[in-house]
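J.: fold the following, please.
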Amino acid sequence: MIYNKDFKRNYQFSEYVSVEDFKSYPLSLDIELTDAQIKFILDNAGYVIQKVITRPILLTPVVDRVTGNDNYNIMVRYPINALNKLLENYGTSSEEVADEYIKLSSISMDTSPLYSNNIEKLNSVWDSECIYEFQYTTGSITFPSEVKMATILTAASIINNQERKGIKSVKIADLQVNYSQEFDIIPPEALSLLSDWITKQYVV
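T.: Below is the predicted model:
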């Protein structure tokens, strides 16, 4: 399994993926689970998912300090939902950059939930002698449906991994996942659903 050691979040996923959500999907069960057990498993699934994602799921304020590159384009750490403030820092002096001199590039016409992290400076280059402080928000306003589905698939995987029985398959919309005896905790189908939140990988 691949883990991201830099990105740390402490979301309790059972706050966003309810026991009712878990029960509402077509599940093939061999064992009885209490609501408390399901809630615990959902939180464990969320913990594992947060070890592989590399960008915030929910709306999060971020401050990035980036050295200029003498180019018209510069990249920040995460896709930007809204740029709140941009400061140019020359030595001990600092000046706010006006919005009309900045252009954010979108990766598609779809503005939810992710944007590009490419920022173009329209009046001049990003000076290599300057450090730029970007204050922005990133992530989704509501808990994304893809992450919810990935959490349920991973919760089913955790049950199987612990019991070597239990959930044989899960069907969500057109996605059918059959569980075997040997698999990663996060099924490949769940990793695919999480692809928008995984931008780089770290091997343990």
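
J.: list the buried residues for stretch 55-71?
T.: 55, 56, 57, 58, 62, 64, 66, 68 (16 or more other C-beta atoms under 10 Å). (Glycine included, C-beta is placed from N, CA and C.)

J.: dump these into JSON lines; add distance to residue 84 and pLDDT as well.
T.: As requested, these are exported to JSON lines (distance: C-beta to C-beta, whole Å; pLDDT from 0 to 100):
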{"residue": "55", "distance to residue 84": "18", "pLDDT": "83"}
{"residue": "56", "distance to residue 84": "15", "pLDDT": "87"}
{"residue": "57", "distance to residue 84": "20", "pLDDT": "88"}
{"residue": "58", "distance to residue 84": "17", "pLDDT": "88"}
{"residue": "62", "distance to residue 84": "10", "pLDDT": "91"}
{"residue": "64", "distance to residue 84": "12", "pLDDT": "93"}
{"residue": "66", "distance to residue 84": "15", "pLDDT": "94"}
{"residue": "68", "distance to residue 84": "20", "pLDDT": "94"}
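
J.: strands - which of those land there?
T.: 62, 64, 66 (DSSP state E).

J.: just the closest of those residues to residue 156, please.
T.: Nearest to residue 156 among those, counting by C-beta to C-beta, is residue 62 at 32.6 Å.

J.: how about the contacts made by that closest one?
T.: Listed by C-beta atoms under 8 Å, 6 or more residues apart in numbering, the contact partners of residue 62 are 56, 76, 77, 78, 134, 135, 136, 137, 138.

J.: just give the nearest non-adjacent residue to the fourth one, would you?
T.: The shortest distance from residue 78 to any non-neighbouring residue, by C-beta to C-beta, 6 or more residues apart in numbering, is to residue 138 (4.0 Å).
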